[in-house]
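Structure here, sequence nowhere to be found:
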């Protein structure tokens, strides 16, 4: 599976070199060499029905042999042998039927065999991308969902036309506001505030691509560290925050402990979302990671959410061993902002539980991924030390995880081999 995943990720590069083309050839060859292990899952419905019929016939044959009148001294031993052989023969027959009839002769597998040739002749592969075409279907699908599903075509056209008309009206109002020195109040009430999308192009204003805390939590429930500690059930929050303040902003103060204690009891603001801009792999803009931390509350009325993140624990350098380059996966437990009124400054902080790297710090094993797990160590850190969302694959719930370095092109290139 990792061979075909690596092949597809490298194929998404906008610029290729002889090295990337050779890597694509190697990954595709390795996939074809080992793809037979997936034949069992490629079986069609008719093949699965044939395997079921063959299993039924084999079981009936075993029942017929068991019902025969055998000599007394052979009956027990032979019956036991027949009973033991039935599961093995059934498994072997099913595997043989499913893998014999299954194949990889379908267009998508045939298409990727030409990728290397196309890249060598014409460059990268934007002509094969279906992202733009698929995105154009979304308004029509939304319009269908809003219909009563009975004669939906006129309803889809009407809904789409209405949405398009409103969108054009809003764009006109936005353009007028750029030309007017004074914006009338009635126009201000109509224009919706613009929110950044998940992808920000190069040249986006700094205020839209800054790391920021979002989703403020009501101060009626959480108004200082003690209430945040109790509400989020983090018994070490005050102690870890005090240690952070003493070691960092108050390190050079005359009385670091007294300064930290004074700030610990000050009002704070708690948040449930963190927006982190991540440079894209091709350096043509930024991807916005919206990381959620709801504590004991439900996310969209479904379940609690504490996302995995990458935390910077030491400066990135070539001498740092391992593919994570000084970053550690961690669970985000709380987001809060402490305001120092005397110094007229704010501290944007987060409570995280850091995982431990187990074994090799570079991708290893059959999965070619880094293994992390317990023990988990809690820390209070700067929000600025969070470098985006991490995707972990569960090996053993609450015990062991694999750091998924193939979730996208940027992550694969960043922590693929540790060089």
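Perfect, thanks for sending it. Every value quoted in this text rests on a predicted model; they were computed, and no experiment measured them. Residues are numbered from 1 along each chain as shown.

Tell me the first helix or strand C-terminal of the one helix or strand residue 4 maps to.
Residue 4 is located in helix 2-11, with elements delineated by DSSP states H and E. Counting by DSSP H and E, the next helix or strand C-terminal to helix 2-11 is helix 18-34.

And the average pLDDT for the helix or strand following that next one is what?
On the C-terminal side of helix 18-34, the closest following helix or strand by DSSP H and E is helix 45-66. Mean pLDDT, helix 45-66: 71.

From here on, call the first residue 798.
Yes, from this point I'll number from 798; that puts the last item at helix 842-863.

Which other helices and strands does helix 842-863 contact?
When contacts are defined as 3 or more Cβ pairs under 8 Å, 6 or more residues apart in numbering; DSSP states H and E, helix 842-863 packs onto helix 869-898. C-betas here are computed from N, CA, C, even on glycine.

State the mean pLDDT of the helix it packs on.
For helix 869-898, the mean confidence score works out to 66.

mind listing the strands for the stretch 948-1097 of the chain?
996-998, 1009-1013, 1065-1076, 1082-1089 (DSSP state E, counting those that start in this stretch).

Would you mind finding the most buried of these?
strand 1065-1076 (a mean of 20; mean count of other Cβ atoms under 10 Å).

Work out the sheet partners of that one and label each with its direction, please.
Strand 1065-1076 has the following sheet partners, assigned by DSSP bridges: strand 1009-1013 (antiparallel), strand 1082-1089 (antiparallel), strand 1124-1137 (antiparallel).

returning to that earlier point: mind putting the strands of the stretch 948-1097 of the chain in JSON lines, distance to residue 1124 included?
Output for those, formatted as JSON lines (distance: least, Cβ to Cβ, whole Å):
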{"stretch": "strand 996-998", "distance to residue 1124": "22"}
{"stretch": "strand 1009-1013", "distance to residue 1124": "21"}
{"stretch": "strand 1065-1076", "distance to residue 1124": "13"}
{"stretch": "strand 1082-1089", "distance to residue 1124": "14"}
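
Mean pLDDT for the ones you listed - can I get that in CSV?
Below are these laid out as CSV (pLDDT from 0 to 100):
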stretch, mean pLDDT
strand 996-998, 63
strand 1009-1013, 83
strand 1065-1076, 88
strand 1082-1089, 85
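
Out of the ones you listed, which is closest to residue 1039?
strand 1065-1076 (13.6 Å; Cβ to Cβ).

now the closest one: how far from the chain's centre is it?
17 Å (Cα atoms, centre = their mean, to the nearest Å).
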